[in-house]
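Participant: Structural data only, the sequence is not supplied:
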């Protein structure tokens with residue numbers, strides 16, 4: 001499997017694949033590249049509808065030149081704990097891509113990923129700008145969005161600097177929001193049953209959808225409340241192994257191979 005940066009020819013092949021509505025995995029297979037490489041390449045250069053090979057290639061060269069000129073390592077705030085900076089960088093990009101696929105814009109996704117992977121769970125605007133190699137204005141807009149969505153909160157440190165803190169409760173709030181969205185769909189879908197006629201195929205379809213989503217919503221509400229304390233609990237040694245052992249199908253070999 002080839003390594004290193006994508007070539008201009010490969011970027012042209014990506015653009016052709018997107019034009020043919022190919023999945024990222026298929027484009028990756030044709031180029032003998034990891035799917036994550038193609039996903040990151042497309043998402044950081046305009047997305048599937050805005051990707052342009054020449055523009056992407058020039059942007060990559062520009063980023064490489066900027067990195068070469070940087071006086072500091074963007075990960076210099078990390079402790080000397082043996083982490084591989086390149087592995088951390090690649091994983092942070094993967095997390096960013098996942099957030100973007102959930103509907104978030106790139107810069108808020110990058111800021112959220114940076115906070116998530118920082119041991120302290122907080123960074124100043126200057127630290128974020130240095131870490132992500134973007135302008136303070138870009139950080140300000142991203143932070144404003146995340147603050148509005150209650151995904152982060154603002155605090156003052158002992159030097160009176162404003163720090164942006166990852167609010168770990170957002171995962172609970174996001175789950176509850178998803179359950180509420182499902183519940184709203186259930187209510188709307190059920191309104192169509194008497195309109196279409198209870199015994200019609202369309203009404204039966206709507207009722208089945210409502211029952212399914214209603215069951216899922218109730219389960220999400222219940223499980224989120226029961227599991228909320230897990231967000232703030234310190235895992236005990238062996239907890240992860242125990243949870244893995246409890247996955248249905250593991251003990252009997254009934255899981256997927």
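Facilitator: Done, it's in. From a predicted model like this one, the values you see are computed outputs, not experimental measurements. Residues are numbered from 1 along each chain as shown.

Participant: Buried residues in the strand or helix carrying residue 98, which are they?
Facilitator: Here residue 98 sits within helix 85-101, counting by DSSP states H and E. By 16 or more other Cβ atoms under 10 Å, the buried positions in helix 85-101 come out as 92, 93, 95, 96, 97, 99, 100. Where you see a C-beta, it was placed from the backbone N, CA and C, and this is true even at glycine.

Participant: Let me see the mean pLDDT of that helix.
Facilitator: The average pLDDT for helix 85-101 rounds to 85.

Participant: which residues of the stretch 1-150 of the chain score low on pLDDT?
Facilitator: 1-3, 63-82 (pLDDT under 70).

Participant: for the spatially most central residue of the chain, what are its contacts?
Facilitator: Computing the C-alpha centroid of the chain and ranking residues by Cα atoms, centre = their mean puts residue 99 first, at 2.0 Å. Counting by Cβ atoms under 8 Å, 6 or more residues apart in numbering, residue 99 touches 108, 109, 112, 113.

Participant: Tell me the one of those residues nearest residue 24?
Facilitator: Nearest to residue 24 out of the contacts of residue 99 is residue 109 (Cβ to Cβ; 17.1 Å).

Participant: Distance from the helix or strand containing that closest one to the middle of the chain?
Facilitator: In this assignment (DSSP H and E), residue 109 forms part of helix 106-116. The chain centroid and the centroid of helix 106-116 are separated by 9 Å, computed with Cα atoms, centre = their mean, to the nearest Å.

Participant: How about the contacts made by residue 209?
Facilitator: By Cβ under 8 Å, 6+ apart, the contact list for residue 209 reads residue 189.

Participant: Show me which residues of the helix or strand containing it are buried.
Facilitator: Using DSSP H and E, residue 209 sits in helix 201-227. Within helix 201-227, the residues scored as buried using 16+ other Cβ under 10 Å are 203, 206, 207, 210, 213, 214, 217, 220, 221, 224.

Participant: For that helix, what does the pLDDT average out to?
Facilitator: Helix 201-227 comes out at a mean pLDDT of 91.

Participant: again, but for stretch 152-159
Facilitator: 82.

Participant: Report the buried residues of it.
Facilitator: residue 152.

Participant: Over to stretch 120-140?
Facilitator: Neighbour counts using 16+ other Cβ under 10 Å place 122, 123, 125, 127, 128, 129, 130, 131, 132, 138, 139 of stretch 120-140 among the buried residues.

Participant: how near is residue 29 to residue 19?
Facilitator: Applying Cβ to Cβ, to the nearest Å, the value for residue 29 to residue 19 is 17 Å.

Participant: The two: which has the busier surroundings?
Facilitator: The neighbour comparison of residue 29 against residue 19 (other Cβ atoms under 10 Å) goes to residue 29, with 13 against 10.

Participant: which parts of the helix or strand containing that one are buried?
Facilitator: Assigned by DSSP H and E, residue 29 falls within helix 24-31. Neighbour counts using 16+ other Cβ under 10 Å place 24, 27, 28, 31 of helix 24-31 among the buried residues.

Participant: which residues touch the second one?
Facilitator: Residue 27 makes contacts with 13, 14, 17, 18, 38, as judged by Cβ under 8 Å, 6+ apart.

Participant: just residue 117 next, same as before
Facilitator: Residue 117 neighbours (Cβ under 8 Å, 6+ apart): 88, 91, 92, 95.
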